[in-house]
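S.K.: Could you look at this predicted model? Sequence included:
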Number of protein chains: 2
Amino acid sequence: MSAKLTAGPVLIIGTGLLGASLGLALRPEVEVYLRDSSPAGAALARDVGAGRTDWAGRPEPSLVVVATPPDVVAEVVAGALAEFPRAVVTDVASIKADVETDVLLLAGPEAARRYVGSHPMAGRERTGALAADGSLFLGRPWVVVPHAGSSDEAINAVRSLAVDAGGVLHQLSAREHDAAVALVSHVPQVVSSLLAGRLVEAPAGALDLAGQGLRDVTRIAASSERMWTAILTQNSAPVRAVLAQLQVELSGVIEALAAAEQAGPEAPGVHGTLGALLRGGNEGVARIPGKHGGAGTRFGRLTVLISDEPGQLGQLFTDAGEAGISIEDVTIEHARGKKMGMVELSVLPAHLSDLAAELTRRGWRIVETEV
Amino acid sequence: MSAKLTAGPVLIIGTGLLGASLGLALRPEVEVYLRDSSPAGAALARDVGAGRTDWAGRPEPSLVVVATPPDVVAEVVAGALAEFPRAVVTDVASIKADVETDVLLLAGPEAARRYVGSHPMAGRERTGALAADGSLFLGRPWVVVPHAGSSDEAINAVRSLAVDAGGVLHQLSAREHDAAVALVSHVPQVVSSLLAGRLVEAPAGALDLAGQGLRDVTRIAASSERMWTAILTQNSAPVRAVLAQLQVELSGVIEALAAAEQAGPEAPGVHGTLGALLRGGNEGVARIPGKHGGAGTRFGRLTVLISDEPGQLGQLFTDAGEAGISIEDVTIEHARGKKMGMVELSVLPAHLSDLAAELTRRGWRIVETEV
């Protein structure tokens, strides 16, 4: 375990999944104290190792992290700024503009100089200190969200916290942050849920034809109603702005299809609109940064036929590993009703032919390679 | 290789990817002849082993498979029904109602008794006999599409063909088929492309926050413009019908978000509409049949921390295999900018705790388990 940048002591207020996980991530190098509106909740977090509860106002924390439920965050942040007049205060709420506005209002501009927002983009659909894990933030984006009046010292303290937790540091204004998460997270959720909702009344025979494409697009539609209703209402304006643009585009597609229905595929505007739809999609998806931080690294893909038995996958990966080639991604597609499947391995394009040759030599049946 | 149900000889007209792959799948048990409007194309398919071209009208085929480009399918089917008055004729076009209507019109109801449509849901974004593969249809849905006048003999012949090719047999009317593929394939493509198109003008800082959800929803947005423009125009009416329903739902969501913006999250209708959106998505995604043909089999998931080096995955799968547990699915998530990653393994829920115990015993760091 490496040294930490955060000096401490750190006071974490709110000891649910995020608060307790942060305590675990900082300890033992950093002195961590826990506070929760429920003493039993704080005791539980202490028992999983997230920090100490034997604290009576001394030593004064250098950093306070507010990890309470979102509806009380601004109030608790303002309270902490008042209670600890030298401490930097941050919060971990997933939507930032409203919190920032309320903190400025409640604490006043002078005290708010010590406030900088955070959004560690970690946490799954579970809650509570029992699910806490010190590696929760590892490799995940941690967005540091200063406001115009945040002091450099406060910004640096919160950046250090993000690094100490193992997060990948980003810095955006509250408005930029909320627009970004609307686009890359909240709108995709709405779109996936809308599409999956169309399946509710579909005949079973139609769903039997579902392939990997439908599964991918609807995977996140299985997400929690309670959590997402809260997120969407809290970030309503940025989400609505993107959905309104989508609606305009969708209307254009519907019109083009109506024209094709009435006047045939060569009707004016049909190919133009549908071509632009597909090209826009190609271009947009290419902008999503690739794994390993590369800007849209492309991988070569190789599809191998395997029998659907324990050990087959292990053998396949062992054989690939012995060829010295790192597998970047893998997709398993089981043939329905058959004891076999296809495994698609993604590797750097330069390694594709070597891997294909090596696997073939070892007796694997390669169905397809694609650079 | 097992025996085939198809008696043969089979004449395949059109020797691109699908035609040549079908020849490879049927041979050598079934006698296959090839015909193509380009003699060089037929010769190429012969050279990859898809069938014979030394054929001058004898022996008469028992089954003709039309695998030409979609715009000439109906005409070629009608021609084959006339040329071979005892043969059953099928085609492999991916949209069926228009072909069926045209075949009935061109061939007349009597000859059309020997016509039954097919849609083998295989083939990727590559074309040509050189890409042909006898396992292309293996485990993929093959939809047999009889019309009201198709004879039982013709239906059985085409069902046998589907089984011989290794496909998973489904049978739908042309209208049912086109509505089904609109819902499970064409509309998801439109939705994915629309969403990815919104990323084109996004600030790079926003895209840095992209997670697995966005990647999943937009993966198929990378699909071919040419292929999808053709599919969407050919199946315009069923696609438009589903998109129109989506549009109504989308408007409702936009209205609910506007209400939340103006009157707060507790405004009338906000929670109702957004809750219904999420619940509909949950319900719809649960209806997609699971792998292994189970109706939405749920898997337990276990997330393991690995270092990002060749051999690590192999060791992990070997260890899982030695525990005798079949891995149903796997997702690799690399931590950006760090040489480590998370591997999420899906297994039957009953195996989850055994696998977790076994992997822990072998020194793996388990980050999370989820039943």
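M.R.: Now that the structure is in, tell me what you want to look at. It should be emphasised that the depicted structure is a prediction, and the values quoted were computed from it without experimental measurement.
S.K.: for chain A, what helix or strand is lowest in average pLDDT?
M.R.: Across the helices and strands of chain A, mean confidence by mean pLDDT, DSSP states H and E is lowest for strand A:329-334: a mean of 72.
S.K.: What are the boundaries of the helices in the stretch 251-371 of chain A?
M.R.: A:270-286, A:312-322, A:352-361 (DSSP state H, counting those that start in this stretch).
S.K.: where along the stretch 1-150 of chain A do the strands fall?
M.R.: A:10-13, A:32-35, A:63-66, A:88-91, A:117-120, A:141-145 (DSSP state E, counting those that start in this stretch).
S.K.: Throw those strands into JSON lines and include distance to chain B and mean pLDDT, thanks.
M.R.: (C-beta placed from N, C-alpha, C; glycine too.) Output for the strands of the stretch 1-150 of chain A, formatted as JSON lines (distance: least, CB to the nearest CB, whole Å; pLDDT from 0 to 100):
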{"stretch": "strand A:10-13", "distance to chain B": "21", "mean pLDDT": "97"}
{"stretch": "strand A:32-35", "distance to chain B": "21", "mean pLDDT": "96"}
{"stretch": "strand A:63-66", "distance to chain B": "20", "mean pLDDT": "98"}
{"stretch": "strand A:88-91", "distance to chain B": "18", "mean pLDDT": "98"}
{"stretch": "strand A:117-120", "distance to chain B": "9", "mean pLDDT": "97"}
{"stretch": "strand A:141-145", "distance to chain B": "5", "mean pLDDT": "96"}
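S.K.: Throw those strands into JSON lines and include mean neighbour count and distance to residue A:135, thanks.
M.R.: Putting these into JSON lines (neighbours: other CB atoms under 10 Å in any protein chain shown; distance: least, CB to CB, whole Å) gives the following:
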{"stretch": "strand A:10-13", "mean neighbour count": "26", "distance to residue A:135": "17"}
{"stretch": "strand A:32-35", "mean neighbour count": "26", "distance to residue A:135": "16"}
{"stretch": "strand A:63-66", "mean neighbour count": "27", "distance to residue A:135": "18"}
{"stretch": "strand A:88-91", "mean neighbour count": "28", "distance to residue A:135": "20"}
{"stretch": "strand A:117-120", "mean neighbour count": "27", "distance to residue A:135": "12"}
{"stretch": "strand A:141-145", "mean neighbour count": "25", "distance to residue A:135": "13"}
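S.K.: To residue A:81, which of those strands lies closest?
M.R.: Across these, residue A:81 has its closest neighbour in strand A:88-91 (5.4 Å, CB to CB).
S.K.: Count the residues that sit near the residue of the stretch 101-250 of chain A found nearest chain B.
M.R.: Proximity of the stretch 101-250 of chain A to chain B (CB to the nearest CB) peaks at residue A:139, 2.2 Å away. Residue A:139: 20 surrounding residues under other CB atoms under 10 Å in any protein chain shown.
S.K.: Settle this for me: it is touching residue A:166, isn't it.
M.R.: Yes. Contact criterion CB atoms under 8 Å: residue A:139 and residue A:166 qualify, at 6.8 Å.
S.K.: residues from the stretch 1-150 of chain A in reach of chain B?
M.R.: A:121, A:124, A:126, A:133, A:135, A:138-141, A:143 (CB under 8 Å from any CB of the partner chain).
S.K.: Please list only the buried members of these.
M.R.: If you count burial by 16 or more other CB atoms under 10 Å in any protein chain shown, the buried members of the residues of the stretch 1-150 of chain A next to chain B come out as A:121, A:133, A:135, A:138-141, A:143.
S.K.: ranges for the helices of the stretch 101-250 of chain A?
M.R.: With DSSP H, counting those that start in this stretch applied, the stretch 101-250 of chain A shows helices at A:152-164, A:174-181, A:187-197, A:204-207, A:212-218, A:225-234, A:236-263, listed in chain order.
S.K.: Among the ones you listed, show me which one is buried the most.
M.R.: Comparing those by mean neighbour count (mean count of other CB atoms under 10 Å in any protein chain shown), helix A:187-197 ranks first with a mean of 27.
S.K.: which residues sit against it?
M.R.: Identification of contacts with helix A:187-197 by CB atoms under 8 Å, 6 or more residues apart in numbering or on different chains yields A:217-221, A:223, A:228, A:231-232, A:239, A:242-243, A:246, B:187-188, B:191, B:194-195, B:198, B:213-214, B:217-218, B:246, B:249-250, B:253, B:277-278, B:280-285.
S.K.: mean confidence score for that helix?
M.R.: What helix A:187-197 shows for mean pLDDT is 97.
S.K.: Report the distance from it to the chain centre.
M.R.: 16 Å (CA atoms, centre = their mean, to the nearest Å).
S.K.: just for chain A, where's the confidence low?
M.R.: Chain A contains residues with pLDDT under 70 at A:1-2, A:123-126, A:290-298, A:308, A:310, A:333-340, A:371.
S.K.: So which residue is smack in the middle of it?
M.R.: Taking CA atoms, centre = their mean as the criterion, residue A:121 is the residue nearest the geometric centre of chain A, at 5.2 Å.
S.K.: quick one: that one and residue A:44, what's the gap?
M.R.: Taking CB to CB, to the nearest Å as the measure, residue A:121 falls 25 Å from residue A:44.
S.K.: hang on, residue A:282 packs against residue B:218?
M.R.: No. Counting by CB under 8 Å, residue A:282 does not reach residue B:218; the two are 10.2 Å apart.
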